[in-house]
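K.L.:
give me the fold of what follows.
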Amino acid sequence: MKQKYTLFLLLITLAACGQNVTLPLPQDSFQEVTATPLPTNTPLPTAVPVEEDASGIGRAFFRAWEDGDYLGMYSLLAPQSQALVSSSDFVALYQDLMTTATVQTVSTQPLSMFQDGNKAEFGVQVIWDTAVVGRIVRDHIVPLSYEGGRWGIVWSENLILPELQGGYRLYMDTRIPARANIYDRNGLALAFQGSVIGLAVIPGQIEDEEGMLAVLSQMLGQTPEEIRARYAEYQPDWLAPVGEVREEVMQEFAVAIQPYIGKGLAPPTTRLARLYTEDGVAPHIVGYTGYITAEELDAYKAQGYRGDEQVGRAGLEKWGEEYLRGQPGGTLTVVGPGGEYITTVQESAPQQARSLYTTIDRDFQAQVEQALADAITSRPVDELGNLIGAAGSVIVMDVNTGAIRAMASYPTYNPDIFDSVRLDAAVDLGAVLSDPGRPLLNRAAQGAYPAGSTFKIITMSAALNSGLYTPETRYTSTGTWNRLGDNFIKKDWREGGHGTVSLATALVVSCNSCFYDVGYNLNEQNPDFLPLTAREFGLGSVTGIQLSEAEGTIPSPEWKATTLGEGWVPGDAVNMAIGQGFVEVTPLQMADVISAIANGGRLYRPTLIDRIGSGAGAPEEPWPSQIRGELPLTQDNLAVIQNSLYRVANDQNLGTAAYQFVGLPITVAGKTGTAEAPPGASHAWFVGYAPAGAGVEPEIAVVVMIEHAGEGSEVAAPIFRRIIELYYGITPLTRLPWAEE
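P.N.:
This next block holds a predicted model:
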């Protein structure tokens, strides 16, 4: 009996544990007892999750907002909220409201958490940093519910902004400050906001055509026939635009034009425009503006732009956009379904834009541009009638600060062609874009060319640093060089060679074979030594000027393997030693190099900015000069190179360009370069500085590079001389050699 009772207790215990068990009784029992199967265990109701689970959902929702992950936010909504709004509508709503409010960043801070059963409330502070109306801070109490085995956000539009409760929307009224001006260092305008006056003719109203055309001809700078052609095909009552003039021109001719208004000439119209100097000075420096495209619209609106402004597209107009545009202001309001005003969320006043003052002198810049244009357009032509040397550039740099005093590129253009409203703008722009001379290219900073013999400055520096050479190391030049083998014989530019010369004199006479030999020997010692030296001179990388620029190319064993998939050979080093082969440099880089030679070894970051004007509560700020490196030369070796460059321009027996500077009252130093550039003639280089010589402090460096023009000494050096004459106000003694009558 006791055994039966024990088994009964065991079955009760197992049943309480939810087990279905059959237990055999001992063999000597008087009967077999089987436990009856119990019903399948039914789970007890699950407890509502702990507080941390609900809080985690709240935190995750707002972290997703900080990251702009709107789909992630949607996934955390409670099922009842997801049933009321689709994921696409949810995402579109957030994107639209964030763009309208110009929200740049969202940050959140949890404040509190309360939970009661399957309901919870999450307190959070949301901060919008906007581009137009500043910081918007709102506190939210976010409801959560537990449905379908998870916590979810019970969403409504007031979780975006409390003022949006009931389906309201946001509207931003943006106020844009006037775009600031760009000046030269003396405060003369290069780019500015101004008014243009539109002139139009109504053919059927003309009473005195001859008199009207005579006045319009003077105003527009066109012949009467050209103006008449603009309205010849128009109907009598049509309005035919004939041109635009600036406000000052209209004022000058206001009296003369008055009798024709209403008698053939329609009342003039006025519009605001971005204006440049009438002769388009410094277009490659100043750049131009253009309207925001449809593809860019959202990105610009997020920065606080309204969308109908003109923005910088090139040059300083682009680089200085953040200064020139100012800080927009505006009013962010809540509007109802019909656009009716509900309330103001926040507002701010626009802040004044800040002008840019450049390092250039407008008049000197114009003179340099004209000198370059005259030099090129007067060049001889080939058998096909094409100019020999139809493009080029000039740079003038302050050697002691890196400030650019002039930068000219030819062919050139007038920034007015980008004023899409201007009559004939499309035609003029099309002509520039289709010009094979690529007028928009700033050859001074974006043109990359073989350096030719100007690179021998770097090769000589590497030689002196290598331990293999001294300034007096001798080399005998016979006119040919064959250390690469009989199949790769190289020749000097001078037939018969230069005889026995020192390394210092080899730079003066620009002896190719001497520098071939240097390149060969340096490569045997260390193939990376010459490339490394060139990079220490700032070549092969951008200078950091406030313009778009090319990096150029300084080849090396690693570069060749990576770029071309080929091995480095001695011939690569030999070609590099005279600035040929794969070497490419920009005139701007060479201006930086020759400036550093002149100033004692400081490699400045070239700059076009002299100062930033006051505005938006900030005072006028001088732009600092910046040293970006030091030349890898001792002062003794630097002095040797300076002396060789002095002899290039002054040693009438040996200097390759000395004959070009006879009679020049300012003593100069420099280096010629004639860079082979198939299929045309060689590029002509001259890099130098002034004044030069013992006991004087150099002031400016000048680089002249003329494409496919021939010898550097014959073409670039005379232009260099002309730039020096312009800078120092010297009356030219001679004409350019090729311009002689």
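K.L.:
how about the strands in the stretch 51-200 of the chain?
P.N.:
103-116, 119-130, 135-147, 150-153, 169-175, 182-183, 189-201 (DSSP state E, counting those that start in this stretch).
K.L.:
my guess is Asp416 meets Asp279, correct?
P.N.:
No. Between Asp416 and Asp279 there is no contact, the gap being 10.5 Å when judged by Cβ atoms under 8 Å. Heads up, the C-betas are built off the backbone N, CA and C, glycines and all.
K.L.:
ok, these two, which is more surrounded?
P.N.:
Shown here are Asp416 and Asp279; by other Cβ atoms under 10 Å, Asp416 has more neighbours (22 against 9).
K.L.:
using the three-state scheme, assign the more buried one.
P.N.:
Classification of Asp416 by DSSP: H, G, I helix; E, B strand; the rest coil places it in helix.
K.L.:
before we move on, what about the one 4 residues further on?
P.N.:
Taken by three-state DSSP, the conformation at Ser420 corresponds to coil.
K.L.:
next, count neighbours for it.
P.N.:
For Ser420, using other Cβ under 10 Å, the count is 11.
K.L.:
count the neighbours of Arg271 for me.
P.N.:
12.
K.L.:
if you could redo that for Glu278, that was the one I meant.
P.N.:
Quick note: Glu278 (other Cβ under 10 Å) scores 12 neighbours.
K.L.:
ok, Gln370 next?
P.N.:
14.
K.L.:
now the one 10 residues further on
P.N.:
Each residue near Pro380 was counted by other Cβ under 10 Å, and the total is 11.
K.L.:
quick one: residues contacting it.
P.N.:
Leu387, Ile388, Trp738 (Cβ atoms under 8 Å, 6 or more residues apart in numbering).
K.L.:
same check on Thr377?
P.N.:
Leu387.
K.L.:
so Glu551 sits against Ser541, correct?
P.N.:
Yes. Assessed by Cβ under 8 Å, Glu551 is found in contact with Ser541 at 5.6 Å.
K.L.:
what stretches of the stretch 501-650 of the chain score poorly on pLDDT?
P.N.:
For the stretch 501-650 of the chain, no stretch has pLDDT under 70.
K.L.:
quick one: the strands in it?
P.N.:
602-604, 609-612, 621-622, 627-630.
K.L.:
so which of these is nearest Phe90?
P.N.:
strand 609-612 (43.7 Å; Cβ to Cβ).
K.L.:
mind listing what the closest one pairs with, with the direction of each?
P.N.:
strand 356-358 (antiparallel), strand 621-622 (antiparallel) (DSSP bridges).
K.L.:
nearest to Ala717, out of the ones you listed?
P.N.:
Nearest to Ala717, of the strands paired with strand 609-612 and by Cβ to Cβ, is strand 356-358 at 28.1 Å.
K.L.:
what's the domain layout of this protein?
P.N.:
51-167, 182-348, 452-635 (automatic domain parsing).
K.L.:
deepest-packed of those domains, please.
P.N.:
Most buried of those by mean neighbour count (mean count of other Cβ atoms under 10 Å) is domain 452-635; its value is a mean of 20.
K.L.:
how long is stretch 659-667 end to end?
P.N.:
Chord length of stretch 659-667, first to last residue, is 13 Å (Cα to Cα, to the nearest Å).
K.L.:
give the buried residues for that stretch.
P.N.:
Gln660, Phe661, Leu664, Ile666, Thr667 (16 or more other Cβ atoms under 10 Å).
K.L.:
show me the contacts for the second one.
P.N.:
By that I understand Phe661. Ala649, Asn650, Val668, Ala717, Arg721.
K.L.:
what is the nearest of those residues to Arg59?
P.N.:
Val668 (70.3 Å).
K.L.:
what is the burial count for the closest one?
P.N.:
Val668: 27 neighbours (other Cβ under 10 Å).
K.L.:
cool, and the one 3 residues further on?
P.N.:
Lys671 is surrounded by 31 other residues when neighbours are defined as other Cβ under 10 Å.
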